[in-house]
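> quick one: sequence plus predicted model below, questions after.
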Amino acid sequence: MDKRVLLERLFAEYGNALRGFFHKRLRGQSEAAELYQELYLRMARLPDLDAIRNPVAYLFTVAGNLVREHASQERRRQDHIDVDDPAAQEQLAEMVGFGTEIDAEQRTKRLREDLGELRPKCHAAVVLAYWHDLSYQEIALKLDISTNMVKKYLRQGLDHCRRRMARLGEG
Amino acid sequence: MNGSGQRERARAAQEAADWLIASRAGLDDVQQDVFNEWLKIPENAEEYLEAEQLAQDLRESVDPDLDIAALIERARADVDEDDDDTKVRPIPVRAWRTPRPAARGSWVYLAAAAAVAAIILSIPWLSPSHTTPTPIVEQITTTHFATRHGEQSTQRLADGTQLRLDTDTSVTVRFSSTVRRVEVESGQVNFAVAHDAIRPFRVMAGSAEIVDVGTTFDVYLRPDSTVVTVVEGRVKVSLAPPGRGGLAGVLGIADSTEVAAGQQLRVAEGRLPSSAVQVDTDTAIAWQRGQIAFHQEPLGDVVAQFNRYAATPIEIDTPTLRELRISGVFANNDTESFVAFLRTLKGVQVDVTPTRIRIFKG
């Protein structure tokens, strides 16, 4: 398969969405454009793009990972900044990502509160799925409910947390 | 953001959560295709990525001191009036039940057809509300081809790909703007695949999945194995369905073995050989010329070949004769010549009756 054609097609169909996501996540800074470019390069560097069964899912996973990597890089970078160093001060001033870092801590704290607000079944389902990495069947057994109900509770949990986070973003 | 835009967002977010939850358990091929289409709408894709990040953040937000045993206890004790399966919100694609891999018969085909029907039904639900109902999920065109005992046929597909079906063969072809997929349910098929870089050509046969973009290859679904022979170009063969369940299944990064021109790969249930073997492809695809060709092959195998076409079954009465190595090329419907040939062999007798042909030592 012509890898370039497949790549072009992938980015033609999903590029705008991914770019939009990067811009929102990174507050529209130029890093969003860099990350988008990095995403393209990572996909282009794959030796066997055509061997991947589902290139779309792969593309989205790489995109998600890039954002997470970026966040942890920022964290590390800020850990090592000497605020008395004039160069670092300049860097800090330019670093819009600093806001992102504060967000990340706030987010975690806020999410922990949100989790506590969930009904016990919903709370347990979320924790068992996303922290203990149990399968839906395993969770169903532990909570003595059907796997459909497990999915329903996860959906409730995600909905609740997302709505709370959206409010946080507006406020 | 106006009211309807917000509603649209909220719906995209809910659907994103549904997809995230569904894909964790693994999507089947049809679900995957619908999901890919759904992701093409930027709002959907953004919300999906947001949902994925949220799930990751949740992972990191769980209180490390949380007493999970106590939480489970409380959860089990808590009676939730919503605890009713009937109220579960419908998911874009039905079915968490994936077909048992052992049963790949016609009901699988029926289930797939039902899933396709489900997609079509869900079109209005997936469409952005501000547009007139343009089908964003393109209908997957499903076509079924079959040959009877002793019959062969050639089919040309919409993309120019040519399928030659050998005797007792059944295939289902699914085409959309993003997918070209063929399921071999029984028999033997030769594929001359038209090149299309956007839509790789995928063939499922028994426990094997073959991916190709434009070559000629042969798939023979035997009771115990799937045999892939490449005449031109190269294909990738992997186990199907690879690791269904969990994210690895969705990502679909499965081990695969490349088969080049002049090579053959035999996939027995659940085992993928790491390399292909050289074969005489001319013999392997002799059936397309209406021939049965064999070179130093056991009589038992050759007779099995003839029986795939013959109106009168051939039987070997003397077990030791099964191992007798023979060579020859015959028309697949010319049992008479084959019988005449057998009679020239030393120590081999053939008895022909209207209902059967018996081979024995004499």
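Received the coordinates, thanks. Numbering: from 1, shown residues only, chains lettered A, B, ... in the order given.

> tell me where the stretch 1-150 of chain B has helices.
Along the stretch 1-150 of chain B, counting by DSSP state H, counting those that start in this stretch, helices occupy B:3-24, B:29-39, B:42-61, B:68-77, B:106-126.

> out of the ones you listed, deepest packed?
Mean neighbour count (mean count of other CB atoms under 10 Å in any protein chain shown) peaks for helix B:29-39 among the helices of the stretch 1-150 of chain B, with a mean of 23. Heads up, the C-betas are built off the backbone N, CA and C, glycines and all.

> quick one: that one near chain A?
Yes - residues of helix B:29-39 are located near chain A by CB under 8 Å from any CB of the partner chain, namely B:32, B:35, B:36, B:39.

> that helix vs helix B:3-24, what angle?
Counting by axes from the mean of the first three to the mean of the last three CA atoms, to 10 degrees, helix B:29-39 lies at 150 degrees to helix B:3-24.

> let me see the mean pLDDT of helix B:29-39.
Per-region confidence: helix B:29-39 scores 80 on mean pLDDT.

> check stretch A:129-148 too.
Stretch A:129-148 shows a mean pLDDT of 87 in the predicted model.

> list the buried ones in that stretch?
The neighbour-count check on stretch A:129-148 (16 or more other CB atoms under 10 Å in any protein chain shown) flags A:129-131, A:134-136, A:139-140, A:142-143, A:145, A:147-148 as buried.

> again, but for stretch B:215-228
Counting neighbours by 16+ other CB under 10 Å, stretch B:215-228 gives B:215, B:216, B:217, B:218, B:219, B:220, B:221, B:225, B:226, B:227, B:228 as buried.

> next up, the contacts around the residue nearest to residue B:39 when sequence neighbours are not counted.
Nearest non-adjacent residue to residue B:39, counting by CB to CB, 6 or more residues apart in numbering or on different chains: residue B:45, 4.8 Å away. Shown in contact with residue B:45 (CB atoms under 8 Å, 6 or more residues apart in numbering or on different chains): A:14, A:17, A:18, A:20, A:21, A:60, B:39.

> just to revisit the earlier point, so which of the helices of the stretch 1-150 of chain B gets nearest residue B:362?
For residue B:362, the closest of those is helix B:106-126, at 44.0 Å, according to CB to CB.

> quick one on the thing from earlier: can you put the contacts of residue B:45 in a markdown table and add distance to residue B:58 and secondary structure?
Listed next are the contacts of residue B:45 as a markdown table, based on distance: CB to CB, whole Å; DSSP: H, G, I helix; E, B strand; the rest coil:
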| residue | distance to residue B:58 | secondary structure |
| --- | --- | --- |
| A:14 | 25 | helix |
| A:17 | 23 | helix |
| A:18 | 22 | helix |
| A:20 | 23 | helix |
| A:21 | 18 | helix |
| A:60 | 18 | helix |
| B:39 | 22 | helix |
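
> quick check, residue B:186 in a strand?
Yes - applying DSSP: H, G, I helix; E, B strand; the rest coil, one finds residue B:186 inside a strand.

> do you know how far it is from residue A:49?
Counting by CB to CB, to the nearest Å, the separation of residue B:186 from residue A:49 is 33 Å.

> and the residue of chain A found nearest chain B, its phi and psi?
Residue of chain A nearest chain B, by CB to the nearest CB: residue A:53 (2.4 Å). Taking degrees, to the nearest 10, you get phi -60, psi -40 for the backbone angles of residue A:53.

> ok, back up a step: out of the buried residues of stretch B:215-228, who's near chain A?
Residues of the buried residues of stretch B:215-228 in contact with chain A (CB under 8 Å from any CB): none.

> which one of those is nearest residue B:315?
Nearest to residue B:315, judged by CB to CB, of those is residue B:220 at 22.8 Å.

> which SSE is the residue most central in space within chain B in?
The centroid of chain B falls nearest to residue B:204 when counting by CA atoms, centre = their mean (2.3 Å). Taking DSSP states H and E as the criterion, residue B:204 maps to strand B:201-205.

> same check on residue B:342?
Going by DSSP H and E, residue B:342 is in helix B:335-344.

> whatever helix or strand comes next after that helix pairs with which strands?
Remark: after helix B:335-344, the chain's next helix or strand is strand B:348-352, criterion DSSP H and E. Sheet pairing of strand B:348-352 (DSSP bridges) gives strand B:357-361 (antiparallel).
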